[in-house]
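J.: sequence unknown, structure follows:
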Ligand code: GDP
Ligand code: IMO
Ligand code: MG
C-alpha cells in the first residue's frame, strides 16, 4: 500500500492521463493537486476517447475516489460540463468525485483579464484564466469553493474585486466591464449544482493514508512549466513538481513513497518559450502528424523536438524521481536515426546542466548523440522482449544516461498498449 505521484517531466502532454488511468486500476484514490482546466488529459479505452481537464483520470475506472485538491483552480462551468459529459457516457461520478472546499475558483474576470494581458505578454497561455486566478489566490483576493455557500460574503468579494478589475478593463485595456450581480447569481447556481461534491479533501486524503490505501497523485502540466523551476516566464502559474503535491493536497512530504516522471520518447511544447531541441524541418512535421501532436485543450499544433536528456536530468533532480515512464515510443517507428541531446553548447562553452538563464537556453545549441532507428512497428507491443532491438537499445540508453529505472513504456494511445516493467505501487 503506498502513495505514488505521477507527473510530467517535460513541457506537459507527456501522456500522464493515459498512465494515470492505467495505474488507477490498482489505486483507491486519485488526486489532482495543481493546475486547472489548462490541462487536457487524454485516455483511450477500447477505442473510446475521453479528454479530462479537471476531473482526475482515475474516474474511468470503477469505484475510485477522485479528488480535486485545494491546489487546483476550478472553473465551475467547465467542471459541471465535464461531469455532465461523463454521465452521458455512462461514467459514475456521483459518490466518486470530491472537490476541495478550499480550492480557488476561476471567475469570468480572470478569463477576461488574461485575454487582455496575453495581447502584450504573449506567453501563449491556454486562455483559461489560470494565471489571474492564482494571482488572486496569492494576493488574498481569491474566491474559494466554500465561499459559494455564504451568499453575502460571495457578493461582497465579487463586488470589491470587480471595482479594481473593471477599472483596469475599461480604462487600461479599453474592454467591456463585467457585472458583479450577474456573476454572483451565476456562481450561486454553480454552488448549488456542485454542493454534493464539495468535501474536506485534506481529511479524506489523510484518512486514506492512515487506512494504508493506494493513493495516486496526478500531475498536470510538466516540470519545465513549473512557476519556480520552469522556463519562467514561459510557464504556468502553479508548482507542477513533486513539491506541489504536499501544498496542493495537504499530505506530508514524509508520506510520499514513490514519484514516477513521465516523458515522451521525444519532446513537445505548446505555446511560447525556449526549446533547445526543437526540430524545425520535415522530421518535426513527421513527428507532429504521427504523434497527433495537437493540444488536447486548445487544439494548437505542438512544437516537436528530440529527447533532451539535459532537461530530463534537471527534472529528475527537482522531483527526486524514483522511476520513469516513457510514452509514445511508437511515434518514432520508421525513423532512420534518432537523436538525443546529451549536452548544450553556448558560445565556446559546453555544459550538461540545464541553465537557469533564459538567454542561455534560447541561445544554446544541443549536442546530439545519434542512435539507429527501427522500421518494425512497436505500436501496441506489451512485452519488452518483443520490441525491435534498436528500440530496446534506445530505452536502455536513456536509462543508462539518466540513471533512473524505466518502469513503464507506452506504445499506443490505448490503456492496454503498455509495457509494465516493474510494479509501481
Ligand atoms: P497529458 O496531458 O500528459 O495527459 O497528455 P495529452 O493527453 O495532452 O497528450 C498525449 C497524447 O498522446 C494523447 O493524445 C494520448 O492519447 C497520446 N498517447 C499517450 N501515450 C501514447 C503512446 O504511447 N503512443 C501514442 N501513439 N499516443 C500516445
Ligand atoms: P497538461 O496537463 C502543455 C502551457 C501553455 C502555455 C503555458 C501557460 O495537459 O500537460 P497557462 O494557461 O497554464 O497559464 O499557460 O503553459 N500549458 C500546457 N502545455 N500541457 C498542459 O497541460 C499545459 N497547461 C498549460 O501552452 O505555454
Ligand atoms: Mg495534455
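T.: It's in. Just so it is clear, the model here is predicted, and its values are computed rather than measured. Numbers count the residues shown, from 1 in each chain. Ligands and ions are numbered 1, 2, ... in the order given.

J.: CA only for contacts and neighbour counts going forward, please
T.: OK.

J.: In contact with residue 188, which residues?
T.: By Cα atoms under 8 Å, 6 or more residues apart in numbering, residue 188 lies in contact with 148, 149, 151.

J.: Could you give the bridge partners of residue 262?
T.: residue 8, residue 325 (DSSP bridges).

J.: So it sits against residue 324, correct?
T.: Yes. Assessed by Cα atoms under 8 Å, residue 262 is found in contact with residue 324 at 6.0 Å.

J.: What's the PyMOL line that selects buried ones from the contacts of residue 188?
T.: Selecting only the buried entries of these in PyMOL, with 16 or more other Cα atoms under 10 Å as the criterion:
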select buried, resi 148
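
J.: export the contacts of residue 188 to CSV and tack on distance to residue 49, secondary structure and pLDDT?
T.: Formatted as CSV, the contacts of residue 188 follow (distance: Cα to Cα, whole Å; DSSP: H, G, I helix; E, B strand; the rest coil; pLDDT from 0 to 100):
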residue, distance to residue 49, secondary structure, pLDDT
148, 33, helix, 98
149, 35, helix, 98
151, 39, helix, 98
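
J.: how about the helices in the stretch 51-200 of the chain?
T.: Per DSSP state H, counting those that start in this stretch, the stretch 51-200 of the chain carries helices over the ranges 76-88, 108-121, 130-138, 151-167, 180-194.

J.: so the spatially most central residue of the chain, which of the three states?
T.: Ranked by distance to the mean C-alpha position of the chain (Cα atoms, centre = their mean), the top residue is residue 220 at 1.9 Å. Here residue 220 is recorded as strand under DSSP: H, G, I helix; E, B strand; the rest coil.

J.: residues in contact with it?
T.: Residue 220 makes contacts with 7, 8, 12, 16, 32, 34, 35, 39, 240, as judged by Cα under 8 Å, 6+ apart.

J.: same for the lengthiest strand in the chain, what does it pack against?
T.: Ranked by number of residues, the top strand in the chain under DSSP state E is strand 337-346. Counting contacts by 3 or more Cα pairs under 8 Å, 6 or more residues apart in numbering; DSSP states H and E, strand 337-346 is packed against strand 307-308, helix 309-319, strand 349-351, strand 365-372.

J.: Please identify the most buried of the ones you listed.
T.: strand 307-308 (a mean of 26; mean count of other Cα atoms under 10 Å).

J.: in its sheet, what does that one sit against?
T.: In its sheet, and by DSSP bridges, strand 307-308 pairs with strand 337-346 (parallel).

J.: about what we covered before: list the buried residues of the longest strand of the chain.
T.: Across strand 337-346, burial judged by 16+ other Cα under 10 Å covers 338, 339, 340, 341, 342, 343, 344, 345.

J.: Could you list everything the second one pairs with in the sheet?
T.: If I follow you right, that is residue 339. residue 370.

J.: correct me, but it touches residue 306?
T.: Yes. The criterion here is Cα under 8 Å, and residue 339 meets it with residue 306 at 6.0 Å.

J.: Would you mind measuring the gap between the ends of stretch 301-310?
T.: End-to-end distance for stretch 301-310: 24 Å, by Cα to Cα, to the nearest Å.

J.: and if you look at stretch 217-232?
T.: End-to-end distance for stretch 217-232: 24 Å, by Cα to Cα.

J.: Nearest residue to residue 137 in space, ignoring adjacent ones along the chain?
T.: residue 104 (6.9 Å; Cα to Cα, 6 or more residues apart in numbering).

J.: Could you give the number of residues near that neighbour?
T.: Neighbours of residue 104 under the rule other Cα atoms under 10 Å: 25.

J.: what's near enough to touch it?
T.: Per Cα under 8 Å, 6+ apart, neighbours of residue 104: 70, 71, 72, 73, 74, 133, 134, 137, 142, 143, 144, 145.

J.: Select, from those residues, the two members most distant in space.
T.: 134 and 145 (14.0 Å; Cα to Cα).

J.: So which residues on the stretch 301-425 of the chain come close to ligand 1?
T.: For the stretch 301-425 of the chain, the contact set with ligand 1 under Cα under 6 Å from any ligand atom comprises 327, 328, 329, 330, 331, 410, 411, 412, 413.

J.: Would you confirm that the last one contacts residue 44?
T.: Meaning residue 413. Yes. Using Cα under 8 Å, residue 413 makes contact with residue 44 at a distance of 5.9 Å.

J.: which residues are common contacts for the two?
T.: In contact with both residue 413 and residue 44: residue 18, using Cα under 8 Å, 6+ apart.

J.: rewinding a little: is it possible to get a markdown table of the contacts of residue 104 that adds pLDDT, neighbour count and distance to ligand 2?
T.: Shown next, in a markdown table, are the contacts of residue 104 (pLDDT from 0 to 100; neighbours: other Cα atoms under 10 Å; distance: Cα to the nearest ligand atom, whole Å):
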| residue | pLDDT | neighbour count | distance to ligand 2 |
| --- | --- | --- | --- |
| 70 | 99 | 25 | 17 |
| 71 | 98 | 25 | 14 |
| 72 | 99 | 27 | 12 |
| 73 | 99 | 30 | 11 |
| 74 | 99 | 27 | 13 |
| 133 | 98 | 29 | 10 |
| 134 | 98 | 24 | 10 |
| 137 | 98 | 17 | 14 |
| 142 | 98 | 22 | 17 |
| 143 | 98 | 22 | 18 |
| 144 | 98 | 20 | 19 |
| 145 | 98 | 26 | 20 |
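
J.: Which of those fall in strands?
T.: 73, 74.

J.: out of residue 262 and residue 324, which sits in the more crowded spot?
T.: Per other Cα under 10 Å, whichever of residue 262 and residue 324 has more neighbours is residue 262, with 28 against 24.

J.: For residue 360, which three-state class applies?
T.: Recorded secondary structure, residue 360: helix (three-state DSSP).
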